[in-house]
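S.K.: predicted model follows, preceded by the sequence.
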Amino acid sequence: MGYLSCSAESAIATCDSYNWNLKKNRKNHTHKQFKIREFSYCDLHSATNAFSQDNLLGKGSHGYVYRAHLHQCKLIAAVKKAKLSEPRNSSSNSPAENEIEILSRVHHPRLVNLLGYAVDSNQNKLIVVEFMPNGSLYELLHSSSKPPNWTRRVRFALQIARGVHFLHSSNPPVIHRDIKSSNILIDGNFNARLGDFGLSLRGHVEDVLVKSTPPAGTLGYLDPAYLAPGDLSTKSDVFSFGILLLEIISGRNAIDVNYSPPSVVDWAVPLIKSGEYTEICDPRISSPEDEGVLRQLAVVAARCVRKTATKRPAMAEVVEWLKLVHKRMSSPIWNNIGRRVGRVRESTRVVKYEPLDDSMEVVKMSRIGSRRNRKVSNVASAELGSVVVGGNNRNEEVKPVIRSKSIGSLGEIASEPFDLANCNNLTVRRKGGLAVKMPTVRLSKSRSMGMIQSSTRLMNKNSSSNGIVVKFVKKPNGKELEESKLLVDVGKEPKMGE
Ligand SMILES: Nc1ncnc2c1ncn2[C@@H]1O[C@H](COP(=O)(O)OP(=O)(O)OP(=O)(O)O)[C@@H](O)[C@H]1O
């Protein structure tokens, strides 16, 4: 492994931790040599009060995370400890070893950086990373009583995009493979950082390691085009980032049976394509004053989740677009101009019709996914296959939402097919108090959310040569309802400068 070692003090001093005021070191961080430290297991044992429950920050699929008070409490760090039951496979790296291997080579303010590691008596590695005192983006979006406002959401989106772009532009590139809201942690300055590199791969796509590592990721965020090792590229991260962006915009989970359709892509993309941006907006906060912000964010997200990997943008483009959205959001002058232009556009309906492409085939005209009928039930609690019902890890009120867990390999995925048709009955309550039988979706690990087919599909019979989209939807009486509608082609550059 390529760890750098050094004396304890210098190692700590070069790390941008929660406690240490090292702002002067922040510039040129990407080029700076950073060092990590080997801690003794005993130090970590006492710093976490023998890995006590009081210091437990959270649980992941691979282990537990503890708060550690190091150096007479001058440094607070987070220590990741693998589950004891986790089998050791000597031929390949454990997630902890993989994370140490990768994080010892990259360092960036938008990442949860490595401080060091320790080895226990069974030769298992413990990871010591920067402590993130404000929890995860998952908790902020889904369990917080004060959901983040638009300024904060756009800022988070841009910060995460920057972190992912940094990884992709490293040499060799790092593909994270597990971008999701629970892996975005919030630091002491309320900045978003990308963490959990247990599944990450460092290398070029043609490298043996990359070519021989089975697909992995988290259901709901996993790229549907990533079915075999050879399919992996940075565009798989772009897909997961797109899902995360939809989650940031809508405040809903990547897969959520309280919505119809449960997959955020099947639900949001048709609405984005038909220009119904406010329908995907988180109902707990009012839509942004400048609707252009929402439109631009939504279009970027829709482009990232395109089915064909090569048609997705690179993270460099995503960063540029999000910078413009952020600028628009934070500059009142820009904002006003944007709003005025928006009003003119609205009244004159200047529209560029674009021909349909492959990404348009799931467009639906029915309003199944709209906010109006999106809450179909209040599911008190449910366990969907191996996808665990979430709650946060900080003893706050537990919210009955479905929480996605990382999955390790395609073998594992393929053994449990995802099948919406495979339903049991579950009694749920509607608002009016009437108990109704709802199907329990046996959500298992075979297919990512991007591959879940929505229950009804638009019969997209025709897109005429002039590009005006004519869509046919079956009415209940079997007749076809023809409707032509304004669509946004997510395959085109979003017009960020408008
Ligand atoms: N550096 C950190 N600082 C503070 N809390 C952390 C830190 N790292 C992780 N946590 C907390 O511990 C929880 C578990 O993290 P972990 O990365 O092990 O798993 P996960 O990402 O939630 O799930 P999975 O292992 O399935 O990806 C996180 O959700 C977060 O609340």
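M.R.: Great, that's in hand. Residues are numbered from 1 along each chain as shown.
S.K.: could you list the low-pLDDT ranges of the stretch 1-150 of the chain?
M.R.: Where the stretch 1-150 of the chain drops to pLDDT under 70, the residues are 1-33, 84-91.
S.K.: near the ligand, which residues of it? Just list them.
M.R.: Within the stretch 1-150 of the chain, the positions adjacent to the ligand are 57-63, 65, 78, 80, 112, 129-132, 135-136 by Cβ under 6 Å from any ligand atom. All C-beta atoms are positioned from the backbone trio N, CA, C, and that covers glycine.
S.K.: how about stretch 242-261 against the ligand, any contact?
M.R.: No: among the residues of stretch 242-261, none lie within reach of the ligand under Cβ under 6 Å from any ligand atom; the closest is 12.8 Å away.
S.K.: only alpha carbons, please: show that stretch as PDB.
M.R.: Extracted in PDB, the C-alpha atoms of stretch 242-261 (Å, rounded to 0.1, in the frame of the first residue of the first chain):
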ATOM      1  CA  GLY A 242     -27.800  13.100 -11.000                       C
ATOM      2  CA  ILE A 243     -29.900  11.000  -8.600                       C
ATOM      3  CA  LEU A 244     -28.400  12.900  -5.700                       C
ATOM      4  CA  LEU A 245     -29.400  16.200  -7.500                       C
ATOM      5  CA  LEU A 246     -33.000  15.000  -8.000                       C
ATOM      6  CA  GLU A 247     -33.000  14.100  -4.300                       C
ATOM      7  CA  ILE A 248     -31.700  17.600  -3.400                       C
ATOM      8  CA  ILE A 249     -34.300  19.200  -5.500                       C
ATOM      9  CA  SER A 250     -37.300  17.100  -4.500                       C
ATOM     10  CA  GLY A 251     -36.400  16.100  -0.900                       C
ATOM     11  CA  ARG A 252     -37.500  12.500  -1.800                       C
ATOM     12  CA  ASN A 253     -35.600   9.300  -1.600                       C
ATOM     13  CA  ALA A 254     -34.000   7.700  -4.700                       C
ATOM     14  CA  ILE A 255     -36.500   4.900  -4.300                       C
ATOM     15  CA  ASP A 256     -39.600   5.600  -2.200                       C
ATOM     16  CA  VAL A 257     -42.800   3.500  -2.300                       C
ATOM     17  CA  ASN A 258     -44.700   6.500  -0.900                       C
ATOM     18  CA  TYR A 259     -44.500   8.000  -4.400                       C
ATOM     19  CA  SER A 260     -45.700   6.800  -7.700                       C
ATOM     20  CA  PRO A 261     -43.600   5.800  -9.400                       C
END
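S.K.: show me the residues of the stretch 1-150 of the chain next to the ligand that map onto strands.
M.R.: Among those, the members falling in strands (DSSP state E) are 57-59, 63, 65, 78, 80, 129-130.
S.K.: just the buried members of the residues of the stretch 1-150 of the chain next to the ligand?
M.R.: 57-58, 60-63, 65, 78, 80, 112, 129-132, 135-136 (16 or more other Cβ atoms under 10 Å).
S.K.: what's across from the residue of the stretch 201-350 of the chain found nearest the ligand in the sheet?
M.R.: Taking Cβ to the nearest ligand atom as the measure, the stretch 201-350 of the chain has Thr218 as its residue closest to the ligand, at 6.5 Å. Beta-bridge partners of Thr218, counted by DSSP bridges, are Ser406.
S.K.: residue contacts, Lys323?
M.R.: The contact partners of Lys323, by Cβ atoms under 8 Å, 6 or more residues apart in numbering, come to Leu158.
S.K.: pretty sure it sits in a strand.
M.R.: No: read with DSSP: H, G, I helix; E, B strand; the rest coil, Lys323 is helix and lies in no strand.
S.K.: Ile36 versus that one, what's the distance?
M.R.: Computed as Cβ to Cβ, to the nearest Å, the Lys323 to Ile36 distance reads 31 Å.
S.K.: same check, this time on Cys42
M.R.: Taking Cβ to Cβ as the measure, Cys42 falls 18 Å from Ile36.
S.K.: these two: who's more crowded?
M.R.: Legend: neighbour count by other Cβ atoms under 10 Å for Cys42 and Ile36, higher for Ile36 (24 against 9).
S.K.: that one reaches Val106, doesn't it?
M.R.: No: using Cβ atoms under 8 Å, Ile36 is not in contact with Val106; the gap is 11.5 Å.
S.K.: next structured bit after the longest helix seen in the chain?
M.R.: Across the chain, the longest stretch assigned as helix under DSSP state H is helix 150-168. Under the assignment DSSP states H and E, the closest C-terminal helix or strand after helix 150-168 is strand 174-175.
S.K.: which strands or helices does that next one pack on?
M.R.: Where contact means 3 or more Cβ pairs under 8 Å, 6 or more residues apart in numbering; DSSP states H and E, strand 174-175 is packed against helix 150-168, strand 201-202, helix 234-250.
S.K.: packing partners of the longest one?
M.R.: For helix 150-168, the contact count by 3+ Cβ pairs under 8 Å, 6+ apart identifies strand 174-175, strand 192-194, helix 234-250, helix 291-304, helix 315-330 as packing neighbours.
S.K.: what's the angle between it and helix 315-330?
M.R.: Counting by axes from the mean of the first three to the mean of the last three Cα atoms, to 10 degrees, helix 150-168 points 160 degrees away from the direction of helix 315-330.
S.K.: my read: the residue of the stretch 201-350 of the chain closest to the ligand touches Ile255, true?
M.R.: No: look at Thr218 against Ile255 with Cβ under 8 Å: they stay out of range, at 10.0 Å.
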